[in-house]
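> can you look at this prediction? I've put the sequence above it.
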Amino acid sequence: MDRLDTRELAYFAALAEELHFSRAAEALGITQPVLSRAIARLERRMGVRLLRRTSRRVELTDAGRVFRDECHDLLDELDAAVRRTQRAAHGHRLVIAVRPGAGSGLLPRLLRLHTGAEPELVFTRDAGAAIRDGKADAALLCLGTDDLTGLEAVEVGRESPVALLRADHALAVRPEVTVADLREEPGYRAQCPAAGLDEIMDRVALGRLVTVVGSAVADRLPGEVTAVPVSDLPPTTLAFCWALGATNPDLLSLAETVTKGSTPVLDGGSRLLGI
């Protein structure tokens with residue numbers, strides 16, 4: 001069988017999502033007959049029935065569900081390869097993904113080890129995915145909770161959870177609070193907003209936000225904001241992570257500096273190192 005092309009993958013992925021030839025064709029910007037012929041040709045080439053068609057509905061076969069997932073993975077990886085190549089063409093600038101509210105105090109100390117051009121920061125809830133899809137070179141991730149598949153990781157510090165509160169808030173004078181306490185607050189957000197630390201602090205100072213972050217932010221609090229320990233949440237171990245096989249020279253230089261003296265404690269796709 002000749003190698004499939006990306007158009008065939010995209011056609012099938014769209015149809016597998018819509019399970020309707022007319023809607024999928026419209027989303028793809030083609031006509032329904034063109035899509036129907038393309039899918040029939042794909043099934044003949046593969047020698048596999050991917051769909052069950054009736055006059056009323058379209059269903060995926062077991063093989064079709066497998067191929068749907070494979071198509072999504074292949075198309076995502078192709079997009080990531082394009083992004084990595086485009087970024088390489090612009091001087092290999094180091095891009096680091098940061099989850100809002102995590103590692104905000106550790107990050108400046110970590111970046112002081114970097115001797116190249118100032119890195120670009122990308123704030124996202126799924127920093128690991130940002131590495132895997134080529135949007136970032138590295139990230140600060142949480143050991144034990146974030147997915148480290150396909151990544152190298154170096155432990156860089158531990159953070160205890162703290163609640164960010166306006167300084168004159170009734171809870172701000174307590175030695176500690178609980179999640180139940182915070183849930184009573186109208187501005188409480190269990191997930192820290194996907195924004196930079198300065199914006200988060202401004203929203204807290206204005207009384208529009210109460211949220212939980214890592215204790216490393218304590219040395220960056222403005223006078224209008226107080227951090228109070230959250231007693232019933234566990235501490236977080238943070239790791240500096242990057243993709244296996246990464247080639248960005250700035251990243252490799254920083255990773256080598258961070259890992260000096262480290263000892264591997266796990267082997268395989270997720271390699272955890274402690275310093």
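In hand now; what should we look at?
> and the helices in the chain?
6-18, 21-28, 32-46, 62-88, 106-111, 127-132, 179-183, 197-205, 249-259 (DSSP state H).
> residues in contact with the fifth one: which ones?
Think helix 106-111. For helix 106-111, the surrounding residues in contact (Cβ atoms under 8 Å, 6 or more residues apart in numbering) are 96, 98, 119, 121, 140, 156-157, 159, 214, 216, 238, 240, 258. In this view, the C-beta of every residue, glycine as well, is placed from N, C-alpha and C.
> quick revisit: among the helices of the chain, which is the most enclosed?
Among these, ranked by average contacts under mean count of other Cβ atoms under 10 Å, first place goes to helix 127-132 (a mean of 22).
> now the contacts of helix 106-111 in TSV, with pLDDT and distance to Y188?
Output for these, formatted as TSV (pLDDT from 0 to 100; distance: Cβ to Cβ, whole Å):
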residue	pLDDT	distance to Y188
I96	87	28
V98	80	22
P119	82	32
L121	80	26
L140	85	24
V156	81	29
G157	78	26
E159	81	20
G214	83	17
A216	75	21
L238	82	23
F240	88	30
V258	82	35
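> between these, which is nearest A170?
G214 (23.4 Å; Cβ to Cβ).
> so the residue lying closest to the closest one once chain neighbours are set aside bridges to which residues?
Distance criterion Cβ to Cβ, 6 or more residues apart in numbering; nearest residue to G214, sequence neighbours excluded, is E159 at 3.3 Å. In this structure, E159 bridges to T236 when assessed by DSSP bridges.
> wait, isn't E159 in contact with S215?
Yes: the pair E159 / S215 is scored as a contact, 5.0 Å apart, by Cβ atoms under 8 Å.
> quick one, what contacts L221?
Taking Cβ under 8 Å, 6+ apart, one finds 164, 201, 227 in contact with L221.
> and it, how far from V213?
Distance, L221 to V213, using Cβ to Cβ, to the nearest Å: 10 Å.
> do the same with L171
Distance, L171 to V213, using Cβ to Cβ: 15 Å.
> and those two? which has more neighbours close in?
Set L171 next to V213 and count neighbours by other Cβ atoms under 10 Å: V213 wins out with 26 against 17.
> the more buried one and L106, how far apart?
Counting by Cβ to Cβ - V213 and L106 are separated by 12 Å.
> also I30?
49 Å.
> ok, now L94?
L94 is 17 Å from L106, by Cβ to Cβ.
> quick one, strands of the stretch 151-275 of the chain?
With strands called from DSSP state E, counting those that start in this stretch, the stretch 151-275 of the chain shows them at 151-159, 161-166, 188-189, 210-214, 225-229, 236-243, 263-264, 271-274.
> what about these, which gets the closest to R56?
Taking Cβ to Cβ as the criterion, strand 188-189 is the member of these that comes nearest to R56, at 43.9 Å.
> strand partners of the closest one, parallel vs antiparallel please.
Paired strands of strand 188-189, with direction, are strand 210-214 (parallel) (DSSP bridges).
> now stretch 167-181: average pLDDT?
Stretch 167-181 carries an average pLDDT of 95.
> pull that stretch out as PDB, backbone CA atoms only.
Output of stretch 167-181 as PDB, limited to C-alpha atoms (Å, rounded to 0.1, in the frame of the first residue of the first chain):
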ATOM      1  CA  ALA A 167      -4.800  42.000  52.600                       C
ATOM      2  CA  ASP A 168      -7.900  43.300  54.400                       C
ATOM      3  CA  HIS A 169      -9.900  40.100  53.800                       C
ATOM      4  CA  ALA A 170     -11.300  38.500  57.000                       C
ATOM      5  CA  LEU A 171      -9.300  35.300  56.300                       C
ATOM      6  CA  ALA A 172      -6.000  37.100  55.800                       C
ATOM      7  CA  VAL A 173      -5.300  37.300  59.500                       C
ATOM      8  CA  ARG A 174      -5.600  33.500  60.000                       C
ATOM      9  CA  PRO A 175      -2.500  31.300  60.400                       C
ATOM     10  CA  GLU A 176      -4.000  28.900  57.900                       C
ATOM     11  CA  VAL A 177      -7.300  28.200  56.000                       C
ATOM     12  CA  THR A 178      -9.000  25.200  54.500                       C
ATOM     13  CA  VAL A 179     -10.500  24.600  51.000                       C
ATOM     14  CA  ALA A 180     -13.900  24.700  52.700                       C
ATOM     15  CA  ASP A 181     -13.200  28.200  53.900                       C
END
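> understood, closing this out.
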